[in-house]
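Q: everything below, folded, please.
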Amino acid sequence: MEMTAHERMVNLFKGKEIDRLPRIEWCPFWRLTVDRWVKEGLPCTIRKNGTHLTPSTQYELQEYFGLDKVAIGIYKPYTKDWPYTEKGYTKQGLVANAADYHKVKKHLYPEFEVDKDHIALFKKMRAEGDTVIPANFEGFFWFPRVLFDIEPHLYSFYDEPDLYKEICEDYVTWLKKVIECLTNEFQFDYYYFMDDMSYNHGPMIGKEQFDEFLAPYYKQITALLHSFDIPVIVDSDGDITKAVDWYASTGVDGMLPLERQAGVDVSVYLKKQPNMFFLGHFDKMCMKFGEEAMRAEFERLLPSIKTRRFIPSVDHQTPPDVSLENYKIYVKLLKEYTQKI
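A: Next up, the predicted model:
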């Protein structure tokens, strides 16, 4: 009997029987790629929102390709009157010291109210059975980086350690209130934290900094979510060979996207952390070369697929050099290999 997307994810996380692995694109489709596909015959009305595609278009695309849909529910710690934007995005580099932080803090950590319409949509999706529904948040590396900007953020561990911790203390307090409000209304499949703490040569900080500045806050969040029986997934680009153990020590249940171009190997992580889940790792760079190359990539991943602790998916957004025909071949193979468990 075919399971619902929710049942499949719950059973997967709990190590119970599943009918197949989820077939998902965890990251929204890249607008430039979709623009190409439209020119190649994709029968989809593209409703643009800046440089992104609207959630309704993302669902439409997922349904067209026959994928399990992934809902988009992002919760950010900025007030509705947040005045610091640049080209439609949150402006980075607002904070250099405590005085700066206290200036912008009045526009952070809003009193959270559950969006009843949004929750109603999620409940409808859950009832229809074909949608994976995560709740997405910025992580304890990502959020301070937005405030400090990239280079000052890395210096902040040494130049502004007390401020870094103050930001994380404020943020984790807000997060816990939000999580409690949300879980009273809806049981998400997992909570997803964007962190991007690594690059292609490894973590951007050392274990000492991780243990002091990130771990205490992740431990609070994982403990809370585990009390609601909800797993925690962290997104970190780059080579996470070291970082996977660090996040595991805080109670994080899984990681993505495992970018092949960073030299990572999911089979190594499954041996290092056999209780964790991993998602992604299908080398997007091979997709433009057609079925033979993509099948070889799935064969590389097959031993990890058989562990049922790994969900194959494009290891970030499908790039614009992938034709509509080749993406359809990818989906055909994805459907084949997610049955080989």
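
Q: is it true that residue 293 touches residue 285?
A: No: Residue 293 lies out of contact with residue 285 (C-beta atoms under 8 Å); the separation is 9.4 Å. The C-beta positions use only the backbone N, C-alpha and C, and glycine is treated the same way.

Q: could you point out which element follows the helix or strand encompassing residue 118?
A: Here residue 118 sits within helix 116-128, counting by DSSP states H and E. Following helix 116-128 in sequence order, the next helix or strand is strand 131-132 (DSSP H and E).

Q: show me what that next one is packed against.
A: If you count contacts as 3 or more C-beta pairs under 8 Å, 6 or more residues apart in numbering; DSSP states H and E, strand 131-132 packs onto helix 5-14, strand 69-70.

Q: whichever helix or strand comes after that strand versus helix 5-14: what angle between them?
A: Toward the C-terminal end, the helix or strand that comes next after strand 131-132 (DSSP H and E) is strand 134-138. For strand 134-138 against helix 5-14, the angle by axes from the mean of the first three to the mean of the last three C-alpha atoms, to 10 degrees is 60 degrees.

Q: what lies in contact with strand 134-138?
A: 70-77, 146, 175, 182, 188-194, 233 (C-beta atoms under 8 Å, 6 or more residues apart in numbering).

Q: helices and strands of this protein: which one has the lowest mean pLDDT?
A: strand 48-49 (a mean of 52; mean pLDDT, DSSP states H and E).

Q: next, the buried residues of the lengthiest helix in the chain.
A: Looking across the chain with DSSP state H, the single longest helix is helix 161-185. Applying a neighbour-count criterion of 16 or more other C-beta atoms under 10 Å, one finds 163-164, 167-168, 170-172, 174-175, 178-179, 182-183 buried in helix 161-185.

Q: could you dump whatever helix or strand comes next after it to PDB, C-alpha only?
A: Using DSSP H and E, the helix or strand that follows helix 161-185 towards the C-terminus is strand 190-194. Backbone C-alpha positions of strand 190-194 (Å, rounded to 0.1, in the frame of the first residue of the first chain) are rendered in PDB as follows:
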ATOM      1  CA  TYR A 190      11.000  18.100  10.400                       C
ATOM      2  CA  TYR A 191      12.500  21.500  11.300                       C
ATOM      3  CA  TYR A 192      15.200  22.700   8.900                       C
ATOM      4  CA  PHE A 193      18.000  25.100   9.900                       C
ATOM      5  CA  MET A 194      20.000  27.000   7.200                       C
END
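
Q: show residues contacting whatever helix or strand comes next after strand 190-194.
A: Using DSSP H and E, the helix or strand that follows strand 190-194 in sequence is strand 198-199. When contacts are defined by C-beta under 8 Å, 6+ apart, strand 198-199 is touched by residues 204, 236-240, 243, 262.

Q: out of the contacts of strand 134-138, which are buried?
A: Listed as buried from the contacts of strand 134-138 are 70-71, 73, 75, 77, 146, 175, 182, 188-194, 233; burial here means 16+ other C-beta under 10 Å.

Q: one step back: winner for burial among the helices and strands packed on strand 131-132?
A: strand 69-70 (a mean of 22; mean count of other C-beta atoms under 10 Å).

Q: partners of the helix or strand just after it, with directions?
A: Note on strand 69-70: by DSSP H and E, the next helix or strand toward the C-terminus is strand 85-86. Its sheet considered, strand 85-86 pairs with strand 89-90 (antiparallel) by DSSP bridges.
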